[in-house]
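Asks: quick one, fold the following:
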Amino acid sequence: MTETQLRNAMTTYGDTVYRLALCRMQNVADAEDVYQDVFLRLFRQETDGWVAERVKAWLLRTAVNRCNDLHRFRLRRSILPLEEVPDMAAPEDDAAELWAAVAQLPPKLRTVIHLHYAEGYATEEIAVILDIPPATVRTRLHRGRLRLKELLGGMDHES
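Replies: Residues are numbered from 1 along each chain as shown. The predicted model follows:
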């Protein structure tokens, strides 16, 4: 991959990769590490003939894998609540409580909720990104919604 292609990928998909890493890691420093590692791996990757959607899917899958690696092999630092992260935590005041509840979900549920609602992916696309069956994605979305409903005291925040 050339430096220009890398710059373009970072401009186009950098925010998405960072938000996913932040959602998974719930720690700014770890999210930045994931972001850096993902784009370094992309720079070393042979991408000739890749279309934009393949680049995006590869970046998101690599980000999820890197987050999993960090969870397994690194002692986690203190967690910064998402509501304290500027411009990422609560896109709107009305959503602050919802995104704080999302931050409390287990990583598997939090990831599919983030990819579906914040990034706008369909369940089939999430299945490809996470390398799991579409039915598993739907199950995790359902369980995530139920957990959110419990956390929010029964209020219906689905949109």
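Asks: residue ranges with poor pLDDT in the chain?
Replies: Scanning the chain for pLDDT under 70 picks out the ranges 73-94, 155-159.
Asks: how's it carved up into domains?
Replies: 1-80, 87-159 (automatic domain parsing).
Asks: ok, now which ones touch residue 116?
Replies: Residue 116 makes contacts with 122-123, 126, 141, as judged by Cβ atoms under 8 Å, 6 or more residues apart in numbering. To be clear about C-beta, it is placed using only N, CA and C from the backbone, and glycine gets the same treatment.
Asks: what strand or helix carries the residue nearest the centre of the chain?
Replies: Centroid check for the chain by Cα atoms, centre = their mean gives residue 20 as the closest residue, at 2.1 Å. Secondary structure from DSSP states H and E places residue 20 in helix 3-25.
Asks: counting neighbours, which bits of the following helix or strand past that helix end up buried?
Replies: For helix 3-25, the following helix or strand on the C-terminal side (DSSP H and E) is helix 28-44. Neighbour counts using 16 or more other Cβ atoms under 10 Å place 28, 30-31, 33-35, 37-39, 42 of helix 28-44 among the buried residues.
Asks: any residues touching helix 28-44, and which ones?
Replies: Applying Cβ under 8 Å, 6+ apart, the external contacts of helix 28-44 come out as 1, 3, 6, 9-10, 14, 17-18, 21-22, 24-25, 55, 58-59, 62-63, 66-67, 70, 74, 76-77, 80, 85.
Asks: which SSE is immediately downstream of that helix?
Replies: Taking DSSP H and E, what comes next after helix 28-44 is helix 52-73.
Asks: how many degrees apart are that next one and helix 3-25 in direction?
Replies: 50 degrees (axes from the mean of the first three to the mean of the last three Cα atoms, to 10 degrees).
Asks: from the chain's centroid, how far away is the helix or strand following helix 52-73?
Replies: For helix 52-73, the following helix or strand on the C-terminal side (DSSP H and E) is helix 96-103. Taking Cα atoms, centre = their mean, to the nearest Å, one finds helix 96-103 lying 15 Å from the centre of the chain it belongs to.
Asks: outside of the helix holding residue 20, which residues touch it?
Replies: 1, 28, 30-32, 34-35, 38-39, 42-43, 47, 52, 55-56, 59-60, 63-64, 66-67, 70-71, 82, 85, 88, 102-103, 107, 110-111, 114-115, 118-119.
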